[in-house]
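J.: Fold the following for me, if possible:
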Amino acid sequence: MRPLPGTELNGVLAPDGDPILTFSAPLAPGSTSNTLTIIVADTSDEVLDTTVYVSSLQGAEAPNADLTASIVSSPEPVSIGSPLTYTMTALNRGPDIATNVTLVSAVPSGMTFSTVTTSQGFCFLNGGFVNCFLNNLARGSNAQVQLTVIPNFEGRFTNTVTIASDLADLRSSNNVARVVSTIAEPGAFFNTTSVLISDAAPAVPYPSVINVSGLSGAVSKVTVTLSELNHTFPADIDILLVSPTGTKALLMSDVAQGNDAQSVSLKFDDSAASFLPQFGTLVSGTYKPTNFGEDDNFYPPAPAGPYPSTLSVFNGDVPNGPWSLYVMDDQGADAGSIAAGWRLTIQTGPLGAPPGMDISLRNGEVIISWPDPSPGYLLESTDVLSPGATWTHLTNTPAPIAGRLRVNLPAGPGNQFYRLRKGP
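T.: Take a look at the predicted model:
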């Protein structure tokens, strides 16, 4: 290459004496990066003395719009057969107008489509998917779509919304949003706070409590659901349910060995067809309470054993009051969580007659006994039988002896009358 006369002035490349070179090139629509390449050669002499100073490079982004999707569900949780509404929003963060915006969301499996409305544009249902054409969105504006469905089954269900437009979106990661909804049997009671299962220690919180109120009669059936159980060695987990009156049942212990549990939802029901596996992997479903271990122990304030592993022990118990879930990890090196908490369903029936009592006086003691189990009954005494008499709860712990619960009380002066009353 031959040098051009007058182009090398004191080391500055300056064609025609002008030291500024300006380059321009069109940008392809949707471009996210553009490169300007300058090749310089010094051919005037044998000395390498050419220097290029680039004072600035200026470029412009192609037209684009950053769309952001969001979705919430309400109510949370919701009962089977009750309306569940998903509110989905498409927001344009700019910088340009988003043209021909679309929104797509599925009707989750196990739910029935009810209605769909939109703040602009129109929507229609096609093949289980809601498709919405929302027209244009100016910078900072949004469009909202409400999809209402009817849940048919209990469980945890995920719904996804996806948005797009004709314009380039340089940040497409926020074009998709998800929400998880909890569907439960009518009348269920919830504690959605996560339970952290610590390594070789009581969980946090300990216990996790559900306060039940508004039920009448006596318990006729109880079911318990753990939502999104995670643990790296499930056999370490022991879980105990305790009623307001202190009746207790072991839900699970020493199951599934070292097979990781990942977001598993377990429902415990005496009517289930099977038990949890002793060695296999935990799978979401309905199971009988399951205990493969022995000598299970829980830290106070959990009640002492032995622990029956059937939910029928609560039949006849008092439904209202605090129900406590005690979760323990009994070995080292592994931990987990019940990420979405737990729920409780209680069916009630007429309050039956109290169990019959046997009362005898022997060696200066009043010996009172009644059938075991008799969940939810409290022993009370008074020294006067009259309308409006004050009955005092006797806190002596009954001892199980030969199929009966027995309390030994010192015989005092005067008359004493005793009764069993459904508590608390």
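
J.: contacts, neighbours, all on C-alpha from now
T.: OK.

J.: Let me see the contact set for residue 118.
T.: The neighbours of residue 118, taking Cα atoms under 8 Å, 6 or more residues apart in numbering as the test, are 143, 144, 145, 146.

J.: Most neighbours of all the residues you listed, which one?
T.: residue 145 (24 neighbours; other Cα atoms under 10 Å).

J.: Residues in a beta bridge with it, which ones?
T.: Legend: beta-bridge partners of residue 145 under DSSP bridges are residue 88, residue 118.

J.: ok, it touching residue 115?
T.: No. Counting by Cα atoms under 8 Å, residue 145 sits too far from residue 115 to count as a contact (10.6 Å).

J.: Not counting its neighbours along the chain, what's nearest residue 324?
T.: Once flanking residues are discounted, residue 324 sits nearest to residue 209: 4.6 Å by Cα to Cα, 6 or more residues apart in numbering.

J.: and of the contacts of residue 118, the nearest to residue 87?
T.: Closest approach between the contacts of residue 118 and residue 87, by Cα to Cα: residue 146, at 4.6 Å.

J.: Distance of the closest one relative to residue 346?
T.: Distance, residue 146 to residue 346, using Cα to Cα, to the nearest Å: 33 Å.

J.: do the same with residue 404
T.: For residue 404 relative to residue 346 (Cα to Cα), the value is 26 Å.

J.: neighbour-wise, which of these two wins?
T.: residue 346 (20 against 16).

J.: Which helix or strand contains the more buried one?
T.: strand 342-349 (DSSP states H and E).

J.: What of residue 211?
T.: Going by DSSP H and E, residue 211 is part of strand 208-212.

J.: I'd like to check the angle between that strand and strand 342-349, please.
T.: Strand 208-212 runs at 30 degrees relative to strand 342-349, counting by axes from the mean of the first three to the mean of the last three Cα atoms, to 10 degrees.

J.: quick one: strands adjacent to strand 208-212?
T.: Here, using DSSP bridges, strand 208-212 pairs with strand 321-329 (antiparallel).

J.: Distance check, the closest residue to residue 252 other than its chain neighbours against residue 368.
T.: Spatial nearest neighbour of residue 252, chain neighbours left out: residue 290 (4.8 Å); criterion: Cα to Cα, 6+ apart. As judged by Cα to Cα, residue 290 and residue 368 stand 34 Å apart.

J.: Could you report the pLDDT at the spatially most central residue of the chain?
T.: Nearest residue to the geometric centre of the chain (Cα atoms, centre = their mean): residue 340, 2.4 Å. On the pLDDT scale, residue 340 is placed at 92.

J.: Touching, it and residue 194? I think so.
T.: Yes. Contact criterion Cα under 8 Å: residue 340 and residue 194 qualify, at 5.4 Å.

J.: follow-up on the earlier one: show the pLDDT at the residue nearest to residue 252.
T.: Looking at residue 290, the pLDDT reads 96.

J.: quick one: contacts for it?
T.: Contacts of residue 290 (Cα under 8 Å, 6+ apart): 250, 251, 252, 253, 255, 275, 276, 309.

J.: can we see that at 6 Å?
T.: The contact partners of residue 290, taken as Cα atoms under 6 Å, 6 or more residues apart in numbering, are 252, 275, 276.

J.: What residues are bridge-paired with the first one?
T.: Going by DSSP bridges, residue 252 is paired in beta bridges with residue 239, residue 290.

J.: what's around it, how many residues?
T.: Around residue 252 there are 25 other residues, counting by other Cα under 10 Å.

J.: Tell me the spacing between it and residue 207.
T.: For residue 252 relative to residue 207 (Cα to Cα), the value is 16 Å.

J.: can you check residue 165 too?
T.: For residue 165 relative to residue 207 (Cα to Cα), the value is 50 Å.

J.: where exactly do the strands run in the stretch 51-200 of the chain?
T.: For the stretch 51-200 of the chain, applying DSSP state E, counting those that start in this stretch gives strands covering 65-74, 78-79, 84-95, 102-106, 111-118, 122-126, 129-133, 142-151, 155-164, 176-184, 189-191, 195-197.

J.: which residues touch the last one?
T.: So that's strand 195-197. 203, 204, 335, 336, 337, 338.

J.: which non-adjacent residue is nearest the third one?
T.: To tie it back to what came earlier, the one meant is residue 335. Excluding its sequence neighbours, the residue lying closest to residue 335 (Cα to Cα, 6+ apart) is residue 199, at 4.8 Å.

J.: List the residues that contact the one you found.
T.: 329, 332, 334, 335.

J.: can you do 8 Å?
T.: By Cα under 8 Å, 6+ apart, the residues touching residue 199 are 329, 330, 331, 332, 333, 334, 335.

J.: The second one and residue 233 touch, don't they?
T.: No. Counting by Cα under 8 Å, residue 233 is not a contact partner of residue 330; they are 10.7 Å apart.

J.: Show the pLDDT at the nearest residue to residue 346 once chain neighbours are set aside.
T.: In this structure, residue 346 finds its nearest non-sequential neighbour in residue 222, 4.7 Å apart by Cα to Cα, 6+ apart. We have a pLDDT of 96 for residue 222.
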